[in-house]
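**Student:** Predicted model and sequence below, questions to follow.
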Amino acid sequence: MTDIAIEIQGLRKTYGELVALAGLSLAVARGEVFALLGPDGAGKTTTMRLLAGILAPSGGSARVLGLDVFRQAEGLKRRIGYMPQRFALYGDLTVAENLRFFASIYGVPRAERLAREAELLEFSRLGPFRDRLAMYLSGGMKQKLALACTLMHSPEVLFLDEPTAGVDPVSRREFWRILYRLAGQGVTLFLSTPYMDEAERCARVAMLDRGGLALCGTPGELKAGLRGAILEVIAEPPREAKARLAALPGVRDVHIFGERLHVWLETPDAEATVAAALDGLTLIALRRIAPGLEDVFNALAAGEGEA
Amino acid sequence: MMLLRTWMIMWKEFRQIARDPRMLAVVVALPTFMILLYGYAINLDVRAVRMAVYDQSRSPQSRELVNAFARSGYFRVIAYPGNDREVTALLDGGRARMVLIIPARFARRLADGETAPVQVLMDGADSTTASTALGYAADILQQYSSHVALEAARRAGLTAPATGQPVENRARYWYNPELRSNHFTIPGLIAVILMMLAALLTSVTVVRERERGTIEGLLASPVRPLELMLGKLAPYVLIAFGDVLLVMAVSAVVFHVPLVGSPALVLALAGIFVIAALGIGLLISTVAPTQQVAMVAAVMATQLPTVLLSGFIFPISSMPQAVQLLTALIPATHFIRILRGIFLKGNTLAILWQPALVLAVIAVAMVLLSANRFRRTL
């Protein structure tokens, strides 16, 4: 048995003139927690749907668990789980009915189904709501139920398309607790996320840009690969500071995070120039910081991501 | 093919239907409303035609003739115009549909043993009613004429009629002796209503999953298209069958349509018919982009062809050859033949096996075609 869970080669998807995915190649190891990052329209959902076997590709190949996603889909579908971005459960069925339905169409035997249901209700903390119609659940509970439904047949590989989008921070933390537990059981997790903090929790991250792979590596590798340096600046007023810094030679990009500015410098020694440029404004803080994934992402968006 | 998956889809659909009060309203109220509305509105019987009598004879004989019209029940005398101007006014204004003009010498000519002409003026604008009413009028005049001849012969002391027809027409209508149009239209109406309702029921089932996004979960699962189609069809077969019982009960209780043949045979063949109709809805649902489009398409695809081309009202035998071929493709054509055969004539399967077989073929074809048309990817 191979150690590769997911292997994609030159995967393409086009809709007429529109290119959704322009030849993506990736490999994900078994048991790995892998995240797809990228702006809207970068091809994350397309990739997820292709790998789940519910979208026909325009070119390239993909193997999951050694099986061809497009030619051996029927055998593969029992062994993988796919959680769509949009809430795709039956709102007019109860929590328990949704679980039962999804277990049964995957052919889970009754005894195993009941045991699994009890276990999943327990660790998703949905037990008290088992007879509630799914449409009356909160956003976070809906996502947990959707996850529980995809887990009923104990998939070996799980595809999660922005599983925590629109979910409150407490539910998100709980959701991740469940994901870590799955990873601990050896389940391969392939997820997409718009949140950098979630990407930081993953073993490896792929950044997509306009339908192609821009960067791929561990969060540490990606951050280390960022050329130049990041300065954190707190100055009043921040908009004025940003305007001045953006125009400065040696500064490649400036982003506002709340009251803080992240200034991406071409070389670390431009620090003095930055301080000088802010003369006349109230400078509260100015220091070098280690770049986060957000900075890598912003650099990528600025079109200069490659290390 | 896994039965459990089909069963689970069916179980899920049942729960969803049970929680949808609008669906239950459609299932019960729509067929009841339609059969009552159409049943009363589509009345081809010609009764109590408004007639006027311009009686220039004013004799006991002319009154006897007018009475014969009034007694028949087909005519109602509403006016006695006194001159030609009034006659014209009555017909022009539509107050009378027919005018009987009895000439002044009517009684005298009868007494003399001569032929006494009378004139019938008919408003021919509504040609169907006009020709039917004219037929009744001719019958009444014929009967009166025979009666007069018989009386004359008796008075002359003869035992056999001296005048009258050597050949007498004694036609009888079988299966519907009173020619009540209800007995003809209601069985057809049952087919029309079931056709539209059944197609409407299934027309949204697949496209709703697409609209709500639940299709993604189904596609990612090992469920096969045929399993999905059968699972979605099954609950609606039961519901549509309930509607079969409902419309048949209404036709018997409200419209007194007799069921001469086997009720079990009607139900069995109605079962096949609703599967064919549900299959058409299912096929529409697999290709329609939205629920609204699917519903409109289901009504359009079933209602118009069924009403116009199935022989429900307009006889297929008087359609052009090409259109007649088209009618064979419409399930209701065959089902109406079956219904009229069993309801009015007491036909058995030995006579009706052909339309029954055609319905079964259409039913299977629709379900297989739906499974085939169902895209396995988004």
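**Tutor:** Looks like it came in fine. Residues are numbered from 1 along each chain as shown, chains lettered A, B, ... in the order given.
**Student:** Most proximal residue of the stretch 101-250 of chain A with respect to chain B?
**Tutor:** A:Ser104 (4.1 Å; C-beta to the nearest C-beta). Just so you know, the C-beta spots here come from the backbone N, C-alpha and C atoms, and that holds for glycine as well.
**Student:** Spell out which residues of chain B are next to chain A.
**Tutor:** Counting by C-beta under 8 Å from any C-beta of the partner chain, the residues of chain B close to chain A are B:2, B:4-5, B:8-9, B:11-12, B:15-16, B:19-20, B:212-223, B:376-378.
**Student:** The residue of the stretch 101-250 of chain A closest to chain B: what's it in contact with?
**Tutor:** With contact taken as C-beta atoms under 8 Å, 6 or more residues apart in numbering or on different chains, A:Ser104 is in contact with A:Arg113, B:Leu4, B:Arg5, B:Met8.
**Student:** Tell me which of the residues of chain B next to chain A fall in helices.
**Tutor:** B:4-5, B:8-9, B:11-12, B:15-16, B:212, B:215-220 (DSSP state H).
**Student:** If you rank these by neighbours, which is first?
**Tutor:** B:Leu219 (27 neighbours; other C-beta atoms under 10 Å in any protein chain shown).
**Student:** Now do that one against B:Leu121, distance only.
**Tutor:** 72 Å (C-beta to C-beta, to the nearest Å).
**Student:** B:Leu44 now?
**Tutor:** Taking C-beta to C-beta, one finds B:Leu44 at 23 Å from B:Leu121.
**Student:** picking that back up, my read is the residue of the stretch 101-250 of chain A closest to chain B is in a helix, agree?
**Tutor:** Yes. According to DSSP: H, G, I helix; E, B strand; the rest coil, A:Ser104 belongs to a helix.
**Student:** related to what we said a few turns ago, nearest to B:Ala25, of the ones in helices among the residues of chain B next to chain A?
**Tutor:** Comparing these against B:Ala25 with C-beta to C-beta places B:Gln16 closest, at 15.2 Å.
**Student:** Tell me who's in contact with the closest one.
**Tutor:** B:Gln16 makes contacts with A:Tyr90, A:Asp92, A:Leu93, as judged by C-beta under 8 Å, 6+ apart.
**Student:** What does the pLDDT read for it?
**Tutor:** pLDDT, B:Gln16: 93.
**Student:** need the helix or strand of chain B with the lowest average pLDDT.
**Tutor:** Within chain B, judged by mean pLDDT, DSSP states H and E, the helix or strand with the poorest mean is helix B:127-155; its value is a mean of 86.
**Student:** Between helix B:3-18 and the helix or strand following it, find me the angle.
**Tutor:** Using DSSP states H and E, the next helix or strand after helix B:127-155 towards the C-terminus is helix B:181-203. Helix B:181-203 runs at 110 degrees relative to helix B:3-18, counting by axes from the mean of the first three to the mean of the last three C-alpha atoms, to 10 degrees.
**Student:** name the element residue 273 belongs to?
**Tutor:** Unless you meant another one, I'm taking chain A. Per DSSP H and E: A:Thr273 is located in helix A:271-277.
**Student:** wait, chain B
**Tutor:** Residue-wise, B:Phe273 maps onto helix B:263-287 under DSSP H and E.
**Student:** who does that helix touch, helix- and strand-wise?
**Tutor:** helix B:181-203, helix B:205-212, helix B:225-253, helix B:291-309, helix B:331-340, helix B:349-373 (3 or more C-beta pairs under 8 Å, 6 or more residues apart in numbering or on different chains; DSSP states H and E).
**Student:** Can you lay out those helices as TSV showing distance to B:Ala116 and mean pLDDT?
**Tutor:** Shown next, in TSV, are these (distance: least, C-beta to C-beta, whole Å; pLDDT from 0 to 100):
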stretch	distance to B:Ala116	mean pLDDT
helix B:181-203	34	91
helix B:205-212	71	93
helix B:225-253	47	93
helix B:291-309	46	93
helix B:331-340	43	94
helix B:349-373	49	95
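**Student:** could those helices go into JSON lines alongside distance to A:Leu151?
**Tutor:** Output for the helices and strands packed on helix B:263-287, formatted as JSON lines (distance: least, C-beta to C-beta, whole Å):
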{"stretch": "helix B:181-203", "distance to A:Leu151": "32"}
{"stretch": "helix B:205-212", "distance to A:Leu151": "22"}
{"stretch": "helix B:225-253", "distance to A:Leu151": "22"}
{"stretch": "helix B:291-309", "distance to A:Leu151": "31"}
{"stretch": "helix B:331-340", "distance to A:Leu151": "45"}
{"stretch": "helix B:349-373", "distance to A:Leu151": "29"}
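**Student:** What residues sit buried inside the least confident helix or strand of chain B?
**Tutor:** Neighbour counts using 16 or more other C-beta atoms under 10 Å in any protein chain shown place B:129-130, B:132-134, B:136-137, B:140-141, B:144-145, B:148-150, B:152-153 of helix B:127-155 among the buried residues.
**Student:** One more: stretch B:20-35?
**Tutor:** Those would be B:Val27, B:Leu30, B:Pro31, B:Thr32, B:Met34, B:Ile35, for stretch B:20-35 by 16+ other C-beta under 10 Å.
**Student:** and what of stretch B:83-97?
**Tutor:** Buried, per 16+ other C-beta under 10 Å, within stretch B:83-97: B:Val87, B:Leu90, B:Leu91, B:Ala96, B:Arg97.
**Student:** Which one of the residues you listed is nearest to chain A?
**Tutor:** Out of these, the member with the shortest distance to chain A (by C-beta to the nearest C-beta) is B:Arg97, at 56.5 Å.
**Student:** tell me which element A:Ala235 falls in.
**Tutor:** strand A:229-236.
**Student:** so what secondary structure elements neighbour that strand?
**Tutor:** Packed on strand A:229-236, when contacts are counted by 3+ C-beta pairs under 8 Å, 6+ apart, are helix A:238-246, strand A:260-265, helix A:271-277, strand A:282-289.
**Student:** ranking these by mean pLDDT, which is last?
**Tutor:** helix A:271-277 (a mean of 84).
**Student:** next one: it to chain centre, how far?
**Tutor:** Relative to the chain's own centre, helix A:271-277 is displaced by 36 Å; criterion: C-alpha atoms, centre = their mean, to the nearest Å.
**Student:** Same list, the helices and strands packed on strand A:229-236, but as CSV with mean neighbour count please.
**Tutor:** Formatted as CSV, these follow (neighbours: other C-beta atoms under 10 Å in any protein chain shown):
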stretch, mean neighbour count
helix A:238-246, 16
strand A:260-265, 22
helix A:271-277, 15
strand A:282-289, 12
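**Student:** and those as a markdown table, adding distance to B:Ile275?
**Tutor:** Supplementary listing: these in a markdown table, determined by distance: least, C-beta to C-beta, whole Å:
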| stretch | distance to B:Ile275 |
| --- | --- |
| helix A:238-246 | 68 |
| strand A:260-265 | 66 |
| helix A:271-277 | 77 |
| strand A:282-289 | 69 |
